[in-house]
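**Student:** here is a sequence together with a model predicted from it:
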Amino acid sequence: MQPTTAAEAEAIQDSLRSRLIIPASPVDLPPTVVGLDVTYGEQRAVAAAVVVDVATLTVVEVATHGGEASFPYVPGLLAFREVPLLLAAIERLSTPPSLLMCDGYGLAHPRRFGLACHLGVLLDVPSFGVAKTAFVGTSTDPGPARGQTSDLVDADEVVGRVVRTQTGVKPVFVSPGHRIGLDDCTDLTVRLSGHYRIPEPTRQADILSRSALRAG
DNA sequence: GCGACAG
DNA sequence: ATCTTGTCGC
């Protein structure tokens, strides 16, 4: 189940992709979202899972897992580096997650199977990705105000959305992972963004994984 | 062929 | 991702 080569990893993505479910209509959104991120040190990496209340944007619970990354970073194969650590952190939560917000891409991926799709399918839990920089697809600039968006298009397919989370800041790149549609994850991204560019779940996971790594 | 390339 | 101080601006 753990690939050694890039070719093996790509084959696994192609296989898991058959389990992907992207609903065309809005789904019922849960009261909490789990933000995920991984921070790397020289030998060790720490994954963090942070449960955030959607209505108040407050942190409800946190969990971390320290370990070694078992796969190198290869564009398009990020999941094989981060998924094992993230699964371990998620398992330490007292309650199974209802919706995952990942730091990276979902459908907006060369083979339509980014990190968010991978985690979502393995756990069969709704998931989506929020990335900080461009990866695949082209888009026009969304308007300058908070909440404005434009479609991310790759090979004539709308695979995600460029979303302005705060007026005057660089936009983020949102794409569905599993069991959630583009409109839902776009709306959630804006709703979950407080006073920062990065929405609270992944922002808090980034902060926690960093401090947990330096703490030892 | 060459460059670009989530974290 | 990470290595890294001060600095410009609201």
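**Tutor:** That came in fine, so what should we check first?

**Student:** excluding its backbone neighbours, what's nearest the closest residue to DNA strand C within chain A?
**Tutor:** For chain A, the residue closest to DNA strand C is A:Thr39, as judged by CB to the nearest atom of the strand, at 3.8 Å. Where C-beta positions appear, they are placed from N, C-alpha and C, glycine not excepted. Closest residue to A:Thr39 apart from its sequence neighbours, by CB to CB, 6 or more residues apart in numbering: A:Ser209 at 4.0 Å.

**Student:** re earlier: and for the residue of chain A closest to DNA strand C, the neighbour number?
**Tutor:** Other residues near A:Thr39 come to 20 when the count uses other CB atoms under 10 Å.

**Student:** what pLDDT does it get?
**Tutor:** Predicted confidence (pLDDT) for A:Thr39: 97.

**Student:** remind me which residues of chain A are low pLDDT?
**Tutor:** Within chain A, the segments meeting pLDDT under 70 span A:1.

**Student:** would you map the helices across it?
**Tutor:** Secondary structure of chain A, counting by DSSP state H: helices at A:6-16, A:78-91, A:115-123, A:182-191, A:200-215.

**Student:** distance from the shortest one to the middle of the chain?
**Tutor:** Using CA atoms, centre = their mean, to the nearest Å, we find the averaged C-alpha position of helix A:115-123 to lie 9 Å away from the chain's own average C-alpha position.

**Student:** touching DNA strand C at all, that helix?
**Tutor:** No: figure legend: helix A:115-123 not in contact with DNA strand C (CB under 7 Å from any atom of the strand); closest approach 12.3 Å.

**Student:** now do the same contact list for the residue minimising distance to the centre of chain A.
**Tutor:** Central residue of chain A (CA atoms, centre = their mean): A:Cys102, 1.6 Å from the mean position. By CB atoms under 8 Å, 6 or more residues apart in numbering, the residues touching A:Cys102 are A:36, A:115-116, A:119, A:127-130, A:177, A:202.

**Student:** could you do A:Leu16 as well?
**Tutor:** A:113, A:117-118, A:121-122.

**Student:** A:Glu82 against A:Gly114, yeah?
**Tutor:** No: the pair A:Glu82 / A:Gly114 is not scored as a contact, 10.9 Å apart, by CB atoms under 8 Å.

**Student:** quick one: A:Lys170 from A:Pro126, how far?
**Tutor:** 26 Å (CB to CB, to the nearest Å).

**Student:** of those two, which one has the most company?
**Tutor:** Under the neighbour definition other CB under 10 Å, A:Lys170 and A:Pro126 were set side by side, and A:Pro126 has more, 26 against 11.

**Student:** quick check: closest non-adjacent residue to that one.
**Tutor:** A:Pro126 sits nearest to A:Arg179 (CB to CB, 6+ apart), 4.1 Å away.

**Student:** so what's the one you found up against?
**Tutor:** So A:Arg179 contacts A:21-23, A:27, A:120, A:124-127 (CB under 8 Å, 6+ apart).
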